[in-house]
Structure formats: structure tokens, C-alpha cells
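Engineer: 3D model of this:
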Amino acid sequence: MSVELIAYVLLVYFLAGMVKGVVGLGLPTISLALIAAVFELKEAMVLLLVPSVATNFWQGASGGQLLVLLKRIWPMLAMVCVTTWFATGVMVRSDGAVLSAMLGGVLIVYAGVSLFTPQIPPPGRREIWLSPLIGVATGISTGFTGTFVVPGVLYLQALGLGKDGLVQAMGICFTVATLALGVSLGGRGFVPTELGLLSIAAVAPAVLGMVLGRRVRNRLPEARFRRIFFIALLVLGGWILGRSLLL
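Structural biologist: Here you go, the predicted model:
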């Protein structure tokens, strides 16, 4: 692996960490989207593992609502783990261009819904069966594309957890999904040593970016930044999808 590629990966994780520091999410999404431009999506998913666990564990453990949130969303988390394993088994045998097209589609859906849907209605009484169903769908998305945001984050936003509760719940969900992805990839021998070491090295720039992003959050209107973020994600998803279809 060239020095230029290593530098590119570390810079991407610094940027993704900064975005996460500002809006509370985006590290897996941004890093996968940008790294998939120069690596296979399967390799980008391996690079994601350690920085995602490190930053999301920090986010999921902070907030003082860990046990309350786990009690509420554990059915979703359990199904994420189960379906990620099976989806990853299919993913490692799938064509890279198809997987990249799926990633582009997921980014477009996520950015589009976030931009144009003001508020997803709360599930109410349907939560008891909807939560594991959302977990299944999120696990499939995780296993095939490495992204946990659709429909997981959209569902968490509908639960009315409050700002701090939502940020902590996303951290918990992302940590569990990343660990499930890591176990699934590692169990199938798909974590090369070189990529594993680079994933570890990417933790430092990701954490540094996250710390700086939190400082930026205090100076920049979050609503404006989120809108810019989702517009950029929409364009990036369209580019990845178009590029994959033309390959």
C-alpha cells in the first residue's frame, strides 16, 4: 500500500471524525463513501471497524441513559447482530460494483429522507414488533454496505428520545453494528493484517477530528451544517451509484 493511499485514508478519517463531532453521526457513512472511491467496498468496510468502534463506544457510553436505552432498543440490536452475520456471508461472495451501487442507493435514501422529511411519526404501540423488524433491515444494510444509518437511525429519530438520548442511542447502535460486522468479517477470514493495522492507525485522526468537530459545533449553527452535510451526502451517493452502474 502506497504512502499516498495511507495518507488519504487517515485524512478521510480526520474529516469523518470532525463531521461526527459536529452532528453526532457520519463517520461510517463519510468514510465508506470516500474510501470506496479508491478501495473495494469490502476493504473499506474492514478499514471502518476500529475507528467506528472507538468513536461510537465513547459516544454510546456517555449520556447517563445507557441501561434505559438498552432496555428499550435491545430487540433491534439483537436482530442487527443476527442478520449482519448472514448478510456479510452473502456480501463476501458478491460483485464489488453491485455492492458499491447498493451503498450509493443507501446514501441517497438516507440523505433524501433526512432533507425532505421533517419528522418521522413515532411508532407507538407498533414499537414492540417494529423494533426487531428495523433491526433485521439495518443488519442487512450493515452486512451488504457497512452502513448502519438506514433504517436504524431514521427509526431512532422517531422514538422521541430527546437530543442527548438520541445521540447516545446512535452511539450504542453503531457500536453494536460495527462489532457485529467485525465478527462477521473476521469469522470469514476477511480481515487482512495490512488493512487491520491501518484501521487501528485511523483511530487517532478520527478521535482528533471528533474533538475538533465538537468545538466547531459550538460556533456553527447545527441545522445549517446538517443541511450541508446531507446535500453533500446526496451528491456523493449519486456519484457512487452512477460510477458503479457505468463500470
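Engineer: helices and strands around the helix or strand where Ala97 lies, which ones?
Structural biologist: Ala97 belongs to helix 96-116 when assigned by DSSP states H and E. On a contact count with 3 or more Cβ pairs under 8 Å, 6 or more residues apart in numbering; DSSP states H and E, helix 96-116 meets helix 27-35, helix 41-61, helix 127-145, helix 152-158, helix 222-246. Glycine gets a C-beta too; all of them are placed from N, C-alpha and C.
Engineer: if we go to 10 Å?
Structural biologist: helix 27-35, helix 41-61, helix 66-91, helix 127-145, helix 152-158, helix 222-246 (3 or more Cβ pairs under 10 Å, 6 or more residues apart in numbering; DSSP states H and E).
Engineer: Can you say which of the ones you listed is packed in most?
Structural biologist: Among the helices and strands packed on helix 96-116, helix 27-35 has the highest mean neighbour count (mean count of other Cβ atoms under 10 Å), at a mean of 26.
Engineer: Hey, what's the angle from that helix to helix 41-61? Just curious.
Structural biologist: With axes from the mean of the first three to the mean of the last three Cα atoms, to 10 degrees defining the directions, helix 27-35 sits at 160 degrees from helix 41-61.
Engineer: if we can go back for a sec, mind giving me a markdown table with the helices and strands packed on helix 96-116 and columns for mean pLDDT?
Structural biologist: Below are the helices and strands packed on helix 96-116 laid out as a markdown table (pLDDT from 0 to 100):
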| stretch | mean pLDDT |
| --- | --- |
| helix 27-35 | 87 |
| helix 41-61 | 90 |
| helix 66-91 | 95 |
| helix 127-145 | 95 |
| helix 152-158 | 89 |
| helix 222-246 | 81 |
